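**Student:** Only the shape, not the letters, is given here:
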């Protein structure tokens, strides 16, 4: 086929054929536009107005170069080249299109062009939305992966507070190493639990974890507890002597809790263990090599103790290779109900029915400052579980000091006659209790509460619970 078979001249179609041609063009779904050599729009079909929402009369006879100076059709007129399935942008309309075009020749000279295209703005938008959805899904998957990367040994830490997860993320990284770790935090925040989790996440997990509470052992006995002794080292020794806790921890981990209560003389002896990884039993002369990982913990301000001379600075730097801070429960208000429900579930394993927390109790738990931290919360839930014979923990099941606090400061009493406020508070409490009960499963919570999806999410927004 020679090139002349592609040439369309102005004389091929007789006038009596034009009406048929236009009828054909107006009944196809593609947009058809014909330009002359100076880019004047000499023809557009019905699909143009239908798809682009622009009346034919508004554009017919106008120069395309004045409307869309960068249009693909103008490039065709300039180059004389046919294009196929090219994407273009109609800037004046803010529309994405895709199509083909070819030049019109007469006597070897370009006298115009035909552009055939389709509006793909909806497809482009869908593609954009899909890409965004994929990116959001990728982000959420990364977040999920981060949670899934928390080893099983760390799953005992319930909650979603950023400060806790920041600590756990660092703990997960340091666990597989042999680095010495210092855990800081108030009494009852779970320093021992974290130490056990780090050990169970390490290569030493099959070896012993030896726990020494430096504050609970009298100073006179602590050295023998740590280093052991030979027979006859002092009066009252066991026959054959005794291995110390450090030696028992060989190839495993030793957890020195309340390290801040250790005397300066014991600190000096512990420093040698950290430096040389060797010990001598009391009354002995043999040096014993030990392969141990040390985790220390304290609720005291060691920097202040260094300043007043009650803690060795060199020991502090040896212990504080990686520092992990466990926040107090009063700074993790969003975690209280989840922790409380988890404790109830654990305590209720021996009972026929696991108790749930009433909205009023949930409010008391969230309002309380928890000076005893997680340990105190566990004790409160154990107390409530013992007293509760039904499916719900009520105020009467709480320890007396919390009941008294409730009687003196119930939020309902702030404005007892304001019905709307009371109803809103009750709604919020019920949603919180249901979310805690179902481990933050919103679908289960909305089903239990008898709310439609839209109503449930409206209330989450209203009560600022979206991040619960």
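**Tutor:** Looks like it arrived, so ask away. No experiment lies behind these values; they were computed from the predicted model shown. Numbers count the residues shown, from 1 in each chain.
**Student:** Averaged pLDDT, stretch 268-279. What do you get?
**Tutor:** Regarding stretch 268-279, the rounded mean pLDDT is 91.
**Student:** Offset the numbering so it begins at 516, please.
**Tutor:** Noted, 516 is the first residue going forward, which turns the last one into stretch 783-794.
**Student:** who touches it?
**Tutor:** Among residues not part of stretch 783-794, those counted as contacts by C-beta atoms under 8 Å, 6 or more residues apart in numbering are 695, 738, 741-743, 759, 761-762, 771, 777, 802-807, 809, 827, 829-830, 833-834. C-beta here means a position set from N, CA and C on the backbone, and glycine is covered the same way.
**Student:** Narrow those residues to those in helices?
**Tutor:** 738, 741, 742, 761, 762, 829, 830, 833, 834 (DSSP state H).
**Student:** Make CSV from the residues you listed and add neighbour count to it.
**Tutor:** Below are the ones in helices among the contacts of stretch 783-794 laid out as CSV (neighbours: other C-beta atoms under 10 Å):
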residue, neighbour count
738, 18
741, 25
742, 23
761, 25
762, 18
829, 13
830, 22
833, 18
834, 26
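**Student:** Out of these, which two are the most distant from each other?
**Tutor:** Set against one another by C-beta to C-beta, the ones in helices among the contacts of stretch 783-794 have their most distant pair in 762 and 829, with a gap of 23.5 Å.
**Student:** so where's the chain uncertain?
**Tutor:** 516-534, 643-675, 747-755, 864-869, 921-937, 952, 954, 982-983 (pLDDT under 70).
**Student:** how is it carved up into domains?
**Tutor:** Domain segmentation of the chain under automatic domain parsing yields 518-638, 667-840, 845-977.
**Student:** which non-adjacent residue is nearest residue 949?
**Tutor:** Closest residue in space to residue 949, ignoring its immediate chain neighbours: residue 960 at 4.1 Å, by C-beta to C-beta, 6 or more residues apart in numbering.
**Student:** quick one, what contacts that neighbour?
**Tutor:** 946, 949, 950, 952, 953, 971.
**Student:** Could you double-check that residue 553 lies in contact with residue 579?
**Tutor:** No. Using C-beta atoms under 8 Å, residue 553 is not in contact with residue 579, being 9.5 Å away.
**Student:** neighbour-wise, which of these two wins?
**Tutor:** Under the criterion of other C-beta atoms under 10 Å, the comparison of residue 553 against residue 579 puts residue 579 first, with 20 against 10.
**Student:** May I ask which helix or strand encompasses residue 628?
**Tutor:** Mapping residue 628 onto the secondary structure by DSSP states H and E places it in strand 624-634.
**Student:** Just the buried positions in that strand, please.
**Tutor:** 625, 626, 627, 628, 629, 630, 631, 632, 634 (16 or more other C-beta atoms under 10 Å).
**Student:** Check the gap between the fourth one and residue 595 for me.
**Tutor:** Put plainly, it is residue 628. 9 Å (C-beta to C-beta, to the nearest Å).
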